[in-house]
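Asker: Build me a model from this:
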Amino acid sequence: MSGNENIPAQPAIYMANHSSYFDVFAVLARLNVQFKWIVKKELFDIPLLGINMKRCGYISVDRDHHDNALKSIELAKEKLRSGTSIFIFPEGTRSENGVLRYPFKKGGFHLALLTGAPIVPMAIIGAREILPKNGVLVKPGKIKLVIGKPIYPDSHNLESLMEKTFETMSTCIAENSIFKRYVN
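Answerer: Here you go, the predicted model:
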């Protein structure tokens with residue numbers, strides 16, 4: 001892991017690329033920050049997983065219903081105000097081919113603009129080689145987390161904040177891995 005010095009003292013919105021189920025394990029194991037995930041609501045329907053996510057205070061987002069999605073943003077605002085960071089995979093789902101997908105889902109960026117919380121862009125490198133989307137065989141490998149410098153939303157609009165986050169995540173991937181082919 002690199003970039004621990006980029007973790008702000010204040011609550012933040014952490015965002016990373018998503019290409020494997022192992023991304024979640026890597027973040028949980030290595031990111032030394034109290035945070036709550038924002039997770040698509042469908043995952044809350046999985047037996048045992050859903051119950052445990054609810055118990056942990058993770059935030060369910062209904063991407064198909066705008067009003068329900070806004071309620072999730074309100075809950076995330078409360079978490080940030082109470083001192084807890086938020087973690088989002090802004091691509092919205094795991095990448096089929098490892099390429100960082102753009103445009104991102106907008107919810108986390110709206111959250112940053114509404115609260116003033118910085119976005120901390122991250123790159124998760126190597127997880128896809130362990131278990132790609134739709135893969136069934138887990139292979140041995142190493143995962144590296146790279147934490148980029150925080151992006152403060154005060155000088156951005158929605159589009160420029162998304163672009164800056166994408167640019168920073170892309171750079172983190174390109175400069176810190178042999179997997180440069182996964183960046184557009």
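
Asker: any idea where the helices of the chain begin and end?
Answerer: With DSSP state H as the criterion, the chain has helices at 22-30, 49-56, 66-81, 107-115, 127-130, 158-175.

Asker: With mean neighbour count, mean pLDDT and distance to Ser95 as extra columns, can I get these in TSV?
Answerer: Every C-beta, even on glycine, is put in place using the N, C-alpha and C of the backbone. Formatted as TSV, the helices of the chain follow (neighbours: other CB atoms under 10 Å; pLDDT from 0 to 100; distance: least, CB to CB, whole Å):
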stretch	mean neighbour count	mean pLDDT	distance to Ser95
helix 22-30	17	96	10
helix 49-56	12	94	21
helix 66-81	15	94	22
helix 107-115	21	97	17
helix 127-130	23	94	8
helix 158-175	18	96	11
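
Asker: Can you check which of these gets nearest to Lys142?
Answerer: Set against Lys142 and scored by CB to CB, the helices of the chain come closest in helix 127-130, at 8.5 Å.

Asker: Who are the packing partners of the closest one?
Answerer: helix 22-30 (3 or more CB pairs under 8 Å, 6 or more residues apart in numbering; DSSP states H and E).

Asker: For Asp62, list the residues it contacts.
Answerer: Lys41, Asn68, Ala69, Ser72 (CB atoms under 8 Å, 6 or more residues apart in numbering).

Asker: need the helices of the chain in a markdown table with distance to Arg94, can you?
Answerer: Formatted as a markdown table, the helices of the chain follow (distance: least, CB to CB, whole Å):
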| stretch | distance to Arg94 |
| --- | --- |
| helix 22-30 | 8 |
| helix 49-56 | 16 |
| helix 66-81 | 20 |
| helix 107-115 | 17 |
| helix 127-130 | 9 |
| helix 158-175 | 15 |
